[in-house]
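Q: Let me see the structure of the following:
(one chain, ligands or ions: 1)
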Amino acid sequence: MLNKIAALGRSFGYALCGIGHCIRRERNFRIHLVAAAYVLALAAYLHITGARLALLFLTIGGVLALELVNTAAEALVDLVSPQRRPLAKIAKDTAAGAVLVFAASAAGVGAVLLWQPRALMTLLLDTLASPARFLALAASALVAGWFVFGFSRGDCNKENL
Ligand SMILES: Nc1ncnc2c1ncn2[C@@H]1O[C@H](COP(=O)(O)OP(=O)(O)OP(=O)(O)O)[C@@H](O)[C@H]1O
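A: Okay, here's the model as predicted:
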């Protein structure tokens with residue numbers, strides 16, 4: 001029984017390691033994370049709840065999960081075909097295309113769920129009118145930019161790369 005629990009814990013650990021790899025090494029994954037953070041902050045500001053919030057979570061999870069699968073496909077292609085081959089190109093390009101299609105539809109879902117022109121205009125005007133809010137937003141944009149473009153760390157599977 002304890003062995004099985006330990007094996008379950010290990011399998012979660014491997015999954016987290018895969019997610020950690022994407023955070024450290026995949027810029028596009030970090031872009032999706034930052035977009036998700038801003039979308040969720042906006043959803044909180046707009047008091048989005050219930051089924052609409054659930055749909056938002058599902059959509060964000062779908063994009064991130066697909067990006068993980070895309071990274072897995074890229075790693076497999078690099079493993080089996082280090083040389084440039086037409087089939088390898090098809091595999092990489094179609095996997096990337098799948099992420100693009102889902103991300104575009106996720107943007108559409110987000111726009112529909114968060115489209116509240118009056119509240120958004122109030123947020124914009126309040127932010128422009130309040131130096132503290134404006135500075136907080138600018139600081140968050142700087143941190144987001146550093147996270148997306150400057151954040152790159154070692155890997156828990158370093159010996160395999
Ligand atoms: N082994 C290969 N054979 C043929 N074309 C390839 C191969 N590897 C990459 N390519 C082409 O080069 C493009 C970029 O591939 P690359 O491996 O540099 O980046 P990526 O891993 O697909 O994307 P990113 O690292 O930005 O997430 C691919 O989409 C594909 O069109």
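
Q: what mean pLDDT would you report for the biggest helix by length in the chain?
A: If you go by DSSP state H, the chain has its longest helix at helix 50-80. When pLDDT is averaged along helix 50-80, the result is 98.

Q: From the contact counts, what lies against the helix or strand following that helix?
A: The helix or strand immediately downstream of helix 50-80 is helix 86-114, counting by DSSP states H and E. In terms of contacts (3 or more CB pairs under 8 Å, 6 or more residues apart in numbering; DSSP states H and E), helix 86-114 is packed against helix 27-45, helix 50-80. No exception for glycine: its C-beta is placed from N, CA and C like everyone else's.

Q: between those helices, which one is nearest to the ligand?
A: For the helices and strands packed on helix 86-114, proximity to the ligand was assessed by CB to the nearest ligand atom; helix 50-80 is nearest, at 4.2 Å.

Q: Close to the ligand: what parts of the protein are there?
A: Glu26, Asn28, Glu74, Val77, Ser81, Arg84, Arg85, Ala88, Lys89, Lys92, Asp93, Ala96 (CB under 6 Å from any ligand atom).

Q: Show me what the longest helix of the chain is packed up against.
A: Right, helix 50-80 is packed against helix 2-25, helix 27-45, helix 86-114 by 3+ CB pairs under 8 Å, 6+ apart.

Q: need these in JSON lines with mean neighbour count, can you?
A: Converted to JSON lines, the helices and strands packed on helix 50-80 look like this (neighbours: other CB atoms under 10 Å):
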{"stretch": "helix 2-25", "mean neighbour count": "12"}
{"stretch": "helix 27-45", "mean neighbour count": "17"}
{"stretch": "helix 86-114", "mean neighbour count": "14"}
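
Q: Save those as JSON lines, and put in mean pLDDT too.
A: Compiled in JSON lines, those are given as follows (pLDDT from 0 to 100):
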{"stretch": "helix 2-25", "mean pLDDT": "94"}
{"stretch": "helix 27-45", "mean pLDDT": "97"}
{"stretch": "helix 86-114", "mean pLDDT": "98"}
